[in-house]
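Peer 1: have a look; sequence and predicted model below, questions after that.
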Amino acid sequence: MKLAEDEKTDLQEAIRFLKLKVRAEEVRAFATAALVFGFIFSVIFVLLLSAALGFSIFWLLFLAAAPVLYYYLKDYPVLLKRSEKEKVMNQVPEVMSYLIMSLRINPNIERAMKFAAEHSRGLFKQVFKKMMYEVHTGRYSAERGLANMADEWGPLCEEFRRAMRLVIASTSEKTETRRQVTLDNATDVLLTGLSKRTDNAARALHTPVMMVFTFGVVLPLVFVALIPFISLMGVSIGVRAIAIIYTVALPVFLYVLINFISSSRPLTISPPDIPKKEQPKFTALPLAVLAGGLMMAPGILYLYGFDFGLGNLAYMPFIWGFAASAGIYCYFSTKKIKDIRARIKAVENEFSETLYQLGVIMSEGRSFEDAMGRIKTITSESKSASFFQVAANNIRMFNTDIKSAFFNHKYGSLRKVYSDMIRGAVDTIIAVSDKGSNTIASVAFRLAEHINNMKKIDSEIEKALGSVVSSMKMVAMVIGPLVGGMISSMSVVLAKSMLTSSGGAAAIGFGGGAAAPIDPKAITLIIAIYAVESAIILTIFATDLIYGKDNVMRKYNVGISIVVAVFVFTICSWGSSAIFGGM
């Protein structure tokens, strides 16, 4: 298939960026083949489904899979490139922080690029390394390299481009004062832009969140209450069709809707990476399997004729077992990492004050080693001050240099401080540690102010997204299961009432008679599964809004949401059955 020139250029750039071994024409040809074979497969699947379960208009929705797949695959490299860039956009404040920290000390862009490359992560680290190679081989200057970087990433983050231009301009300033002012302006542009972007994106999410709640949670559950009326009219909706709709089709629809909304997800701050050596060695899987098996036992025994008097909740032990297994596994496999991150966050929150105290002591004319030893008493046992104290002790005890006192992998005071921001700031101070007390004091003051500015981004993001995330979690863990439990019980009670009322379908005037009733236990199980699936999808979305695509926080929050959602559903279903069943 012949491509338009613009489309071909976009595809080629994306393929080059992703280092894929394909051509643009091959991508489009593969998408066309997927359209043809996908449509044929969809038709066959609908025919088989109709033959096995009976025809339903809902089965025709599967025919839409082929064109959707085509439009996804034809621009897949472009979408993947954008996705890869969006994943690392959370590191924009961090990257700019390293550049500005280095340039505050020395107006050398190559040195700043090297510093950023050493402390950045993922894609940005590769970008800086490639840029440094191009600079060293004489392809272009360091200034042009940063300008190209600003232009490439500018469409995704305009404030990044503007701040980068100011960073480049700072090296041309004639006086130190003007240079520092320009760097301050770069920081202000970045902070102000990110704050406005986050606030606008958060406000824009309110309406989509209501759409998710209405079309993804409430309306599908309300439809359950209509099933008895539809059956009364003689329209048979089998339990298998309901199961496919609620456990497969609707969750897929909700997932697609959520991903469409998340395309406008605002910039977030990624949590620090924790090395594998700090990962929990205790595996929670055996305990999770054991707990889940015990919780499922009543349901398994019910299948063999043992009735425990659970009524419409007879199949719910299977859901309880799944919730227990998922909750235990997710909690114990992430708790240690989450605790480490919480400690790092606490240290980061007070680090700027520690740097300020270091600057005050150094301005008195003391040596760097002496100042490090005095910080602890001034900051009242500050955790961030303790690694300065430990570093001072390392110098005295091991007769080591300053860098090893902080970064040695055996005894360095920062060896278990996994904060790139703290390590970068300390590395900056070490770089000027031989230039006198006044210089160190000046750098410490500037770093303290800079870190305070970076912390404002965190608080602005949490403030802007707080209401949206709270709403999503409330829908996922409470409102969805609450409505599901009530609706499932009401539909069961309503179906029983219609079947036992005199006259039946004929009294209402439907000559065809009522269709066979659906097992109320199966209805309760299906709606419970849907409530759990929707809770998982909505919780992942809410987590990504704050933390980005962070698997640790995803797992932790999903484990909690599953347990809470199942508990709420069970209580509401039981309570509703007791209330409406006695009416």
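Peer 2: Thanks, I have it. Numbering: from 1, shown residues only.

Peer 1: tell me the domain ranges of the protein?
Peer 2: Following automatic domain parsing, the chain resolves into domains at 5-74, 89-172, 206-266+283-344+459-501+513-581, 345-454.

Peer 1: relative to Leu194, which of those is closest?
Peer 2: For Leu194, the closest of those is domain 89-172, at 6.0 Å, according to C-beta to C-beta. Every residue, glycine included, has its C-beta placed from N, CA and C.

Peer 1: how far is that closest one from where the chain is centred?
Peer 2: For domain 89-172, the separation from the chain centroid amounts to 26 Å (computed by C-alpha atoms, centre = their mean, to the nearest Å).

Peer 1: avg pLDDT for that domain?
Peer 2: Averaging the model's pLDDT scores along domain 89-172 yields 83.

Peer 1: where are the low-confidence patches of the stretch 351-500 of the chain?
Peer 2: Applying pLDDT under 70 to the stretch 351-500 of the chain flags the ranges 376-385, 491-500.

Peer 1: mean neighbour count added to the domains of the chain, as CSV?
Peer 2: Converted to CSV, the domains of the chain look like this (neighbours: other C-beta atoms under 10 Å):
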stretch, mean neighbour count
domain 5-74, 14
domain 89-172, 19
domain 206-266+283-344+459-501+513-581, 19
domain 345-454, 18
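
Peer 1: need those domains in JSON lines with distance to Lys196, can you?
Peer 2: Compiled in JSON lines, those are given as follows (distance: least, C-beta to C-beta, whole Å):
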{"stretch": "domain 5-74", "distance to Lys196": "28"}
{"stretch": "domain 89-172", "distance to Lys196": "8"}
{"stretch": "domain 206-266+283-344+459-501+513-581", "distance to Lys196": "9"}
{"stretch": "domain 345-454", "distance to Lys196": "15"}
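
Peer 1: right, and those domains - which one's nearest Ser195?
Peer 2: Taking C-beta to C-beta, domain 206-266+283-344+459-501+513-581 is the member of those nearest to Ser195, at 4.6 Å.

Peer 1: any idea how far that closest one is from the middle of the chain?
Peer 2: Using C-alpha atoms, centre = their mean, the distance from the centre of domain 206-266+283-344+459-501+513-581 to the centre of the chain it belongs to is 20 Å.

Peer 1: Provide the secondary structure category for Asp273.
Peer 2: coil (DSSP: H, G, I helix; E, B strand; the rest coil).

Peer 1: one step back: relative to Lys277, which of the domains of the chain is closest?
Peer 2: With C-beta to C-beta, the closest approach to Lys277 among those belongs to domain 345-454: 9.7 Å.

Peer 1: what does Tyr315 show for phi and psi?
Peer 2: Main-chain dihedrals, Tyr315, degrees, to the nearest 10: phi -90, psi 0.

Peer 1: let me see the ranges of the helices in the stretch 451-583 of the chain.
Peer 2: 480-500, 504-508, 520-547, 551-581 (DSSP state H, counting those that start in this stretch).

Peer 1: and the longest one, what does it pack against?
Peer 2: Under the contact definition 3 or more C-beta pairs under 8 Å, 6 or more residues apart in numbering; DSSP states H and E, helix 551-581 sits against helix 316-362, helix 480-500, helix 520-547.

Peer 1: can you put those in TSV and add distance to Val469?
Peer 2: Below are the helices and strands packed on helix 551-581 laid out as TSV (distance: least, C-beta to C-beta, whole Å):
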stretch	distance to Val469
helix 316-362	17
helix 480-500	16
helix 520-547	5
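
Peer 1: for Ala24, find the nearest of those helices.
Peer 2: With C-beta to C-beta as the criterion, Ala24 lies closest to helix 520-547 of the helices and strands packed on helix 551-581, at 30.7 Å.

Peer 1: just to revisit the earlier point, among the helices and strands packed on helix 551-581, which is nearest His450?
Peer 2: Comparison of the helices and strands packed on helix 551-581 against His450 by C-beta to C-beta identifies helix 316-362 as nearest, at 8.5 Å.

Peer 1: return the distance of whichever helix or strand comes after the closest one from the chain's centre.
Peer 2: Elements were assigned by DSSP states H and E; along the chain past helix 316-362, the next helix or strand is helix 368-378. Relative to its parent chain, helix 368-378 has a centroid offset of 39 Å by C-alpha atoms, centre = their mean.

Peer 1: cool, and stretch 26-43?
Peer 2: Centroid displacement of stretch 26-43 relative to its chain, using C-alpha atoms, centre = their mean, is 32 Å.

Peer 1: got the contact list for stretch 433-440?
Peer 2: Applying C-beta atoms under 8 Å, 6 or more residues apart in numbering, the external contacts of stretch 433-440 come out as 358-359, 362-368, 371, 402, 429, 432.

Peer 1: ok, the residues you listed vs Pro272, which is closest?
Peer 2: Within the contacts of stretch 433-440, distances to Pro272 taken as C-beta to C-beta reach their minimum at Ile429, with 19.8 Å.

Peer 1: mean pLDDT lowest where, among the helices of the stretch 451-583 of the chain?
Peer 2: Taking each of the helices of the stretch 451-583 of the chain in turn, the lowest mean pLDDT turns up on helix 504-508, with a mean of 42.

Peer 1: roughly how far apart are the closest residue to Val22 other than its chain neighbours and Lys74?
Peer 2: Residue nearest to Val22 in three dimensions, not counting chain neighbours: Ile15, with 6.2 Å by C-beta to C-beta, 6 or more residues apart in numbering. Distance, Ile15 to Lys74, by C-beta to C-beta, to the nearest Å: 13 Å.

Peer 1: overlap in contacts of the two?
Peer 2: Common neighbours of Ile15 and Lys74, counting by C-beta under 8 Å, 6+ apart, are Val27.

Peer 1: still on that earlier bit, of all the helices of the stretch 451-583 of the chain, which lies closest to Lys463?
Peer 2: With distances scored as C-beta to C-beta, the stretch of those nearest to Lys463 is helix 520-547 (11.4 Å).

Peer 1: by contact count, what packs against the closest one?
Peer 2: helix 219-232, helix 239-244, helix 250-262, helix 316-362, helix 437-474, helix 480-500, helix 551-581.

Peer 1: could these be laid out in a markdown table, adding distance to His136?
Peer 2: Putting those into a markdown table (distance: least, C-beta to C-beta, whole Å) gives the following:
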| stretch | distance to His136 |
| --- | --- |
| helix 219-232 | 59 |
| helix 239-244 | 59 |
| helix 250-262 | 39 |
| helix 316-362 | 33 |
| helix 437-474 | 27 |
| helix 480-500 | 56 |
| helix 551-581 | 36 |
